[in-house]
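Colleague: pasting the structure only:
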């Protein structure tokens with residue numbers, strides 16, 4: 001099939017949503033942990049966390065328009081901190097359930113059976129079950145005017161990673177972690193690495209990193 005701007009615009013809403021959400025390929029699955037000023041924990045699954053830079057260590061997070069209540073957004077802005085927790089195959093169904101619209105004040109941790117855990121660095125809760133946890137400080141936000149989504153920029157101030165997942169060169173073995181990826185809105189996948197390839201140079205076939 002071939003689509004253009006006009007034919008995409010007239011597609012049935014759910015069909016269009018599924019098509020465009022899956023057309024860009026696999027995305028990371030992360031649970032964003034936040035807390036409000038009253039100490040209520042919030043947890044929500046996101047597939048829009050992206051790497052922005054290593055020095056300083058920055059990540060981006062795309063959030064939907066704040067035309068309705070967005071607890072994660074409100075908590076990030078009010079407290080200045082949030083956590084990013086990798087989703088693994090052991091609890092991906094519970095992670096998906098956090099996308100349900102629970103009433104304000106209801107902790108998704110309790111609702112889906114995951115465990116909040118706190119470090120001494122920041123007030124936001126981590127997911128105890130998550131193998132890789134990032135503590136993030138909010139830096140800035142940008143409104144994407146084309147559709148009113150919000151792009152959050154944050155700095156990693158804490159990273160909690162099991163020793164056995166970090167290779168000698170600093171690479172994190174996500175497969176050993178059991179990390180899952182998302183395609184579309186509701187399809188979860190495990191991965192199988194083909195190879196790590198060496199730094200590409202003109203005129204030289206890329207070799208594998210052993």
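Modeller: Right, received. Where do you want to start? Only a predicted model underlies this, so the values are computations on that prediction, with no experimental measurement involved.

Colleague: what about stretch 44-64, how long is it end to end?
Modeller: From its first residue to its last, stretch 44-64 covers 13 Å (C-alpha to C-alpha, to the nearest Å).

Colleague: List of residues touching that stretch?
Modeller: 27-32, 70-73, 84, 87, 95-96, 98-99, 108, 134, 136, 139, 144, 149-156, 182 (C-beta atoms under 8 Å, 6 or more residues apart in numbering). (C-beta placed from N, C-alpha, C; glycine too.)

Colleague: Throw together a ChimeraX command that grabs the buried residues out of these.
Modeller: Selection of buried members from the contacts of stretch 44-64 for ChimeraX, criterion 16 or more other C-beta atoms under 10 Å:
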select :27,28,29,30,31,32,70,71,72,73,84,87,95,96,98,108,134,136,150,151,152,153,154,182
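
Colleague: Next, the residue nearest the centre of the chain: phi, psi?
Modeller: Against the mean C-alpha coordinate of the chain, by C-alpha atoms, centre = their mean, the closest residue is residue 30 at 3.4 Å. Note on residue 30: its backbone torsions stand at phi -140, psi 150 [degrees, to the nearest 10].

Colleague: From what I see, it and residue 83 are in contact.
Modeller: No. At 9.3 Å, residue 30 does not count as touching residue 83 under the criterion of C-beta atoms under 8 Å.

Colleague: In the chain, what residue spans correspond to strands?
Modeller: 27-28, 30-35, 41-46, 49-54, 57-63, 81-86, 116-117, 126-127, 133-144, 149-160, 181-183, 187-189 (DSSP state E).

Colleague: what lines up beside the third one in the sheet?
Modeller: With DSSP bridges as the test, strand 41-46 is paired with strand 30-35 (antiparallel).

Colleague: for the fourth one, same thing?
Modeller: Here strand 49-54 is paired, per DSSP bridges, with strand 57-63 (antiparallel).

Colleague: ok, back up a step: so which of the strands of the chain is nearest residue 104?
Modeller: strand 41-46 (9.0 Å; C-beta to C-beta).
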